[in-house]
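Chemist: Curious how this folds, go ahead:
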Amino acid sequence: MSKNDLILPKDFPQLQNDTFLRAARGEETEHVPVWCMRQAGRYLPEFRESRAGKDFFETCRSPEACCELTLQPLRRFPFDAAIIFSDILVVPQALGMDVQMVAGKGPTFPEPLKEPEDLQRLRVKVDVDKELGYVFKAITLTRHKIEGKVPLIGFTGAPWTLMSYMIEGGGSNTHSKAKRWLYRYPEASHILLKMLTDVIVEYLLGQVAAGAQALQVFESHAGILGPVEFKDFSLPYLQDIARRVKNKLKEAGQDVPMIVFAKDAHYALEDLSQSHYEVVGLDWTIDPKSARERTGGKVSLQGNMDPCALYAPKERISNIVKKMVEGFGTRGYIANLGHGLYPDMDPENVGAFVEAVHQHSKQIIKQI
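Modeler: This is a model prediction of the structure:
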């Protein structure tokens with residue numbers, strides 16, 4: 001047993017920067033908080049060095065490794081939040097599926113679900129503590145090691161996104177195998193989505209118990225669905241997750257902001273803003289002003305600079321950020337990218353992005 005096994009989810013250092021949490025709740029802040037999806041990632045040389053020669057999911061199962069990777073970007077940049085290093089596909093693994101990270105190919109399921117009878121291969125009752133306890137340990141360890149610098153975000157993939165991976169067997173451009181289930185086997189699809197939802201609810205509650213101070217639900221494959229399918233196979237489960245997690249936390253006297261990020265689901269912005277999440281994350285295809293109008297001030301918004309804007313010179317990044325912050329306004333707003341950082345991005349430009357958010361938002365707030 002390592003000494004880190006003895007670290008308990010209590011007596012955490014006091015939080016020094018709660019800007020992100022206040023923005024999530026729509027409260028006033030001194031500056032707009034900023035973090036990046038995949039901020040612990042391959043664009044950082046120290047990340048590549050830490051990960052060299054190690055199996056991806058083995059790294060995910062090491063609380064010490066996850067803690068170190070989560071903290072790396074905070075040593076470089078004044079981010080206002082950290083997100084635990086892990087992967088959305090640990091949930092299908094908890095259900096008994098084999099998932100491997102194949103070099104040059106990405107996540108791969110050697111035996112994907114092909115027909116409804118394949119659902120019998122999945123664990124009916126998942127012991128979330130046993131199967132995903134390594135994530136909880138990583139969160140607890142990181143909460144202690146982060147020393148109250150910024151809040152720590154926990155996360156999960158959403159049911160439809162996980163279902164599509166489990167059926168496609170990996171990434172896909174069309175997601176036609178997974179969508180075939182929706183049209184051919186709607187009942188079996190709902191059974192699978194409900195199984196995933198039940199595990200996700202327990203998983204998110206476990207993350208909060210371990211020390212997560214906010215939660216993000218990634219519906220990365222929302223855009224592959226049309227509005228009708230989204231309302232049937234994605235939205236009800238996203239709403240159910242938020243409602244059930246919040247009800248349980250309320251019973252325990254806890255209040256943890258939740259973010260939903262349904263990529264490319266601009267057709268569902270109004271629905272998402274009424275889905276029990278405090279924050280709606282946006283990709284770069286949505287105009288900030290229009291997003292504000294359509295969500296009617298019901299939620300805080302997060303996003304949404306095109307990650308590829310980070311290939312621009314620093315001065316241009318600063319101008320893009322200024323426009324973005326002006327578009328969203330500084331209240332109830334968390335700056336981020338519209339998707340994760342890419343491996344070939346220059347860390348210096350990530351630093352320029354963070355600095356520009358802080359600088360421009362402070363100036364705008366001063367003028368108000």
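Chemist: what ranges do the strands span in the stretch 1-150 of the chain?
Modeler: Using DSSP state E, counting those that start in this stretch, the strands of the stretch 1-150 of the chain run over residues 82-83, 100-102, 106-108.
Chemist: who's in contact with the shortest one?
Modeler: Same thing as strand 82-83. Contacts to strand 82-83, defined as CB atoms under 8 Å, 6 or more residues apart in numbering, come from residues 35, 37, 39-40, 70-71, 73-74, 142, 146, 149-155, 216. No exception for glycine: its C-beta is placed from N, CA and C like everyone else's.
Chemist: SS state for the closest residue to residue 181 other than its chain neighbours?
Modeler: Leaving out its chain neighbours, the residue that sits closest to residue 181 by CB to CB, 6 or more residues apart in numbering is residue 189, at 4.9 Å. Here residue 189 is recorded as helix under DSSP: H, G, I helix; E, B strand; the rest coil.
Chemist: got a pLDDT number for residue 189?
Modeler: pLDDT recorded at residue 189 is 98.
Chemist: Also residue 6?
Modeler: On pLDDT, residue 6 comes in at 64.
Chemist: What of the one 4 residues further on?
Modeler: On the pLDDT scale, residue 10 is placed at 94.
Chemist: go on, the one 3 residues further on?
Modeler: Confidence per residue is given as pLDDT, and for residue 13 that number is 97.
Chemist: Can you tell me how far it is from residue 19?
Modeler: For residue 13, the distance to residue 19 (CB to CB, to the nearest Å) stands at 17 Å.
Chemist: Quick check on the spatially most central residue of the chain: phi, psi?
Modeler: Closest to where the C-alpha atoms of the chain average out (CA atoms, centre = their mean) is residue 216, at 4.3 Å. Dihedral pair for residue 216: phi -120, psi 140, per degrees, to the nearest 10.
Chemist: if we can go back for a sec, right, and the strands of the stretch 1-150 of the chain - which one's nearest residue 240?
Modeler: Proximity to residue 240 (CB to CB) singles out strand 82-83 among the strands of the stretch 1-150 of the chain, at 23.0 Å.
Chemist: That closest one pairs with which strands, parallel or anti?
Modeler: strand 152-157 (parallel) (DSSP bridges).
Chemist: for the helix or strand following the strand it pairs with, packing partners?
Modeler: Using DSSP states H and E, the helix or strand that directly follows strand 152-157 along the chain is helix 159-168. Judged by 3 or more CB pairs under 8 Å, 6 or more residues apart in numbering; DSSP states H and E, the packing partners of helix 159-168 are helix 90-94, helix 176-184, helix 186-210, strand 214-219, helix 235-251.
Chemist: Export the first one to PDB, keeping only CA atoms.
Modeler: C-alpha atoms of helix 90-94 as PDB (Å, rounded to 0.1, in the frame of the first residue of the first chain):
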ATOM      1  CA  VAL A  90     -13.500   4.100 -18.200                       C
ATOM      2  CA  VAL A  91     -17.300   3.800 -17.900                       C
ATOM      3  CA  PRO A  92     -17.600   1.200 -20.600                       C
ATOM      4  CA  GLN A  93     -14.700  -0.600 -19.000                       C
ATOM      5  CA  ALA A  94     -16.600  -0.600 -15.600                       C
END
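Chemist: Need the residues that contact it.
Modeler: The contact list for helix 90-94 (CB under 8 Å, 6+ apart) reads 57, 60, 99, 109, 123, 126, 128, 131-132, 135, 156-157, 162, 165-166, 196, 199-200, 203.
Chemist: pLDDT on that helix, on average?
Modeler: Mean per-residue pLDDT for helix 90-94: 98.
Chemist: Please apply the same query to the second one.
Modeler: On average, the pLDDT along helix 176-184 is 98.
Chemist: ok now that helix, how far from the chain's centre?
Modeler: Centre-to-centre, helix 176-184 and its host chain are 25 Å apart (CA atoms, centre = their mean, to the nearest Å).
Chemist: before we move on, back to that, give me the buried subset of the contacts of helix 90-94.
Modeler: With burial judged by 16 or more other CB atoms under 10 Å, the buried subset of the contacts of helix 90-94 is 57, 60, 99, 109, 126, 128, 131-132, 135, 156-157, 162, 165-166, 196, 199-200, 203.
Chemist: what stretches of this structure score poorly on pLDDT?
Modeler: Within the chain, the stretches with pLDDT under 70 are 1-6.
Chemist: Write a ChimeraX command that selects only the buried members of the contacts of strand 82-83.
Modeler: A single ChimeraX command is used to select the members of the contacts of strand 82-83 judged buried by 16+ other CB under 10 Å:
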select :35,37,39,40,70,71,73,74,142,146,149,150,151,152,153,154,155,216
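Chemist: what's the closest of the strands of the stretch 1-150 of the chain to residue 289?
Modeler: Residue 289 lies closest to strand 82-83 among the strands of the stretch 1-150 of the chain, at 27.2 Å (CB to CB).
Chemist: can you give me the offset of that closest one from its chain's centre?
Modeler: Mean C-alpha position of strand 82-83 versus that of the full chain (CA atoms, centre = their mean) differs by 9 Å.
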